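Q: output the structure for:
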Amino acid sequence: MTTSSPRIALLARSPSTLPGLEAECFTGLAALQAASVYDVLLLDLPGAVAGTALRGLRLDPRYRFSLIYCTQDQDAWCTALGDGQPPADLAGITPLWRLWRERLALFNRGVAPERFETRVLAWLWLRSSRGVLHALRDTGAAQHYRYPLLEALSNGETLNEFAWLQLMTGRGWLEPGVLLDRIRLCGSCGSGRLNYVDVCPECRALDIARQPSLHCFTCGHVAPQAQFLKDGLLLCPNCLTRLRHIGSDYDRPLENYSCRSCQAFFVDAAVEARCLDCGESHAPDKLQVREVRDYRLAEAGLLRCREGFDASPMDDEAFGRLNLLSQRRFFEALDWQLQLVRRYRTPPFALLGLGFVNRRETLARLGEMRGQALIDGLVERVQEAVRDADRCCRLSEEVLWLLLPHTDAAGLAALRQRLTQGAERIAGEGLDIEVRQIGFVAPDELVDQEDAQLLLARLGGLLG
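A: Below is the predicted model of the structure:
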């Protein structure tokens, strides 16, 4: 049976309560996990202890996605696995939990996340804009960084975290955040435990030393300075010339290093990166370079979480009726129209962008369920206005583009008027959402050398 208020548990070192909060207190993690499942957890523990408890809770399938707040100081594990500190007014936990529950019902059309990628995206989706996949610096890890959330949701599966993140980024489901670090890894085993050593550039030996040397101008001989010293005088060991004046009889060459293995002299030593795990040696420019970043859900990931993972993105119950194209196919169709109209100047076509400006605010005010019903109503108005030959593309949850073949300026104006009237009818029903429009007609508004991607970027800036 659903309830309007969450069941809250408090994990603390000693029996205690927080002011203004009704919660059952536990003094040990084992006792909490042995009890019935709670909706929201509060960890009233020091940061390091809370981080350890969080790891245990995220490994528990019952609390994998739950809201878990740390009330005291937080360490890096708390940041990576928790939901931050609770609201200053603890009564604010209830609306946050209700929003969490609504988003859970919307995720993947109500289908529980089973595969690894769906579990990760579900965790981020349930946190809305606050969901971040944090990287944690760990000197014990072979690659110096780890992603605790991926480890907790992997169910013990062997996982190449960086490769998986690149795959998800390539699909457009995740987007990288601020660059945290740039690391270099062994090309053989992928370890970041590297020792950079100076070696002889001739024989690659490690036994080199900085040693002053002299250069005889008479015969050109170069040797360590000690070999020129004889009975308190400077004598060339090769031609036995007495060296009196630096600059005229001899000088000090730039080669200040010598190799004890091959006796070579050189200016600068070569540098090798030797892997401490597999023992392989690499030139520094041959190492794998990897950027370490935090990640969050991208627009395509948000759409996929809402539309479902087992169906095509074009099968969405509302938007699927609009002849939706993927972003790549929409760009191809638009590029083709641009090429045709540039070459033949006919037939004309139009492009219309629709931006749901205050969508996020509306969803926050009405709730996820009612807000999505409002969006579906707007889509139905759009469906009534477009033709079967028109094509659409949803670049994000806020922006919809319509490609209208054989449409001139007058036809575009008539369509915009119909859409405006439909939006006004929605607003008249007490569900206020602002729909902004931007139009383009070809060949009248063509810009030289502007392709589909540049055109949509330019119009998108005007659409806001």
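Q: C-alpha only now, for contacts and for neighbours.
A: Will do.
Q: Gly84: neighbouring residues, count only.
A: 18 (other C-alpha atoms under 10 Å).
Q: which non-adjacent residue is nearest it?
A: Spatially, and ignoring its direct neighbours in sequence, Gly84 is nearest to Tyr69 (5.5 Å; C-alpha to C-alpha, 6 or more residues apart in numbering).
Q: ok, residues contacting the host helix or strand of that neighbour?
A: Using DSSP states H and E, Tyr69 sits in strand 67-70. For strand 67-70, contacts defined as C-alpha atoms under 8 Å, 6 or more residues apart in numbering pick out 39-45, 47, 50, 78, 82-86, 97.
Q: just the CA atoms of it, as PDB, please.
A: Extracted in PDB, the C-alpha atoms of strand 67-70 (Å, rounded to 0.1, in the frame of the first residue of the first chain):
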ATOM      1  CA  LEU A  67      17.700   8.300  -0.900                       C
ATOM      2  CA  ILE A  68      20.500   8.200   1.700                       C
ATOM      3  CA  TYR A  69      21.700  11.400   3.400                       C
ATOM      4  CA  CYS A  70      24.800  12.000   5.600                       C
END
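Q: what's the farthest-apart pair in the contacts of strand 67-70?
A: Comparing every pair within the contacts of strand 67-70 by C-alpha to C-alpha identifies Gly47 and Trp97 as the most remote, at 23.1 Å.
Q: for Val292, give its distance to Leu235.
A: Val292 sits 58 Å away from Leu235, going by C-alpha to C-alpha, to the nearest Å.
Q: the two: who's more crowded?
A: The neighbour comparison of Val292 against Leu235 (other C-alpha under 10 Å) goes to Val292, with 22 against 18.
Q: picking that back up, so which of the contacts of strand 67-70 are in strands?
A: Secondary structure from DSSP state E places Val40, Leu41, Leu42, Leu43, Asp44 of the contacts of strand 67-70 in strands.
Q: can you put those residues in CSV and add pLDDT and neighbour count?
A: Formatted as CSV, those follow (pLDDT from 0 to 100; neighbours: other C-alpha atoms under 10 Å):
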residue, pLDDT, neighbour count
Val40, 94, 19
Leu41, 94, 24
Leu42, 94, 23
Leu43, 94, 26
Asp44, 90, 23
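Q: so where do the helices sit in the protein?
A: 29-34, 47-59, 76-81, 93-106, 116-126, 148-153, 161-171, 225-228, 299-307, 327-344, 359-366, 368-385, 409-428, 452-463 (DSSP state H).
Q: may I see the buried residues of the strand ranked longest in the chain?
A: Longest strand of the chain, by residue count under DSSP E: strand 174-185. Using 16 or more other C-alpha atoms under 10 Å as the test for burial, strand 174-185 gives Leu174, Glu175, Pro176, Arg184, Leu185.
Q: what angle do that strand and helix 161-171 make?
A: 140 degrees (axes from the mean of the first three to the mean of the last three C-alpha atoms, to 10 degrees).
Q: how many residues are close by the closest residue in space to Ser396 that isn't next to it in sequence?
A: Spatial nearest neighbour of Ser396, chain neighbours left out: Glu299 (5.4 Å); criterion: C-alpha to C-alpha, 6+ apart. Neighbours of Glu299 under the rule other C-alpha under 10 Å: 18.
Q: quick check: Glu299 touching Trp173?
A: Yes - assessed by C-alpha atoms under 8 Å, Glu299 is found in contact with Trp173 at 7.1 Å.
Q: shaky segments in the stretch 301-450 of the chain?
A: 310-324, 360, 363-381, 383-384, 397, 422-433 (pLDDT under 70).
Q: how many residues are close by Leu18?
A: Summarising burial for Leu18: neighbours were counted as other C-alpha under 10 Å, giving 13.
Q: ok, Leu455 - how many residues close by?
A: Residues contacting Leu455 under the criterion other C-alpha under 10 Å number 17.
Q: also Gly51?
A: By the criterion of other C-alpha under 10 Å, Gly51 has 23 neighbours.
Q: got it, and Ala30?
A: Ala30: 11 neighbours (other C-alpha under 10 Å).
Q: can you read off the pLDDT for it?
A: Ala30 is assigned 92 on the pLDDT scale.
Q: tell me the spacing between it and Asp60.
A: 11 Å.
Q: again, but for Met168
A: 25 Å.
Q: what's the answer for Glu151, then?
A: Here Glu151 is placed at a distance of 12 Å from Asp60 (C-alpha to C-alpha).
Q: ditto for Ile246
A: From Ile246 to Asp60 the distance is 77 Å (C-alpha to C-alpha).
Q: show me the domain layout of the protein.
A: 1-108, 111-183+289-298, 194-285, 312-463 (automatic domain parsing).
Q: now those domains as CSV including distance to Arg306?
A: Compiled in CSV, those are given as follows (distance: least, C-alpha to C-alpha, whole Å):
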stretch, distance to Arg306
domain 1-108, 5
domain 111-183+289-298, 9
domain 194-285, 43
domain 312-463, 9
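Q: which among those domains is found nearest to Cys305?
A: Nearest to Cys305, of all the domains of the chain, is domain 1-108, at 5.2 Å by C-alpha to C-alpha.
Q: got the phi and psi for the residue sitting furthest away from the middle of the chain?
A: Most distant from the centre of the chain: Asp231, at 70.2 Å, with distances by C-alpha atoms, centre = their mean. Per-residue torsions, Asp231: phi 50, psi 40 (degrees, to the nearest 10).
Q: for Phe265, what are its contacts?
A: With contact taken as C-alpha under 8 Å, 6+ apart, Phe265 is in contact with Glu255, Asn256, Tyr257, Ser258, Cys259.
Q: wait, Pro224
A: Gln211, Pro212, Ser213, Leu214.
Q: can I assume the last one is in contact with Gly220?
A: To tie it back to what came earlier, the one meant is Leu214. No - judged on C-alpha under 8 Å, Leu214 makes no contact with Gly220 at a distance of 9.7 Å.
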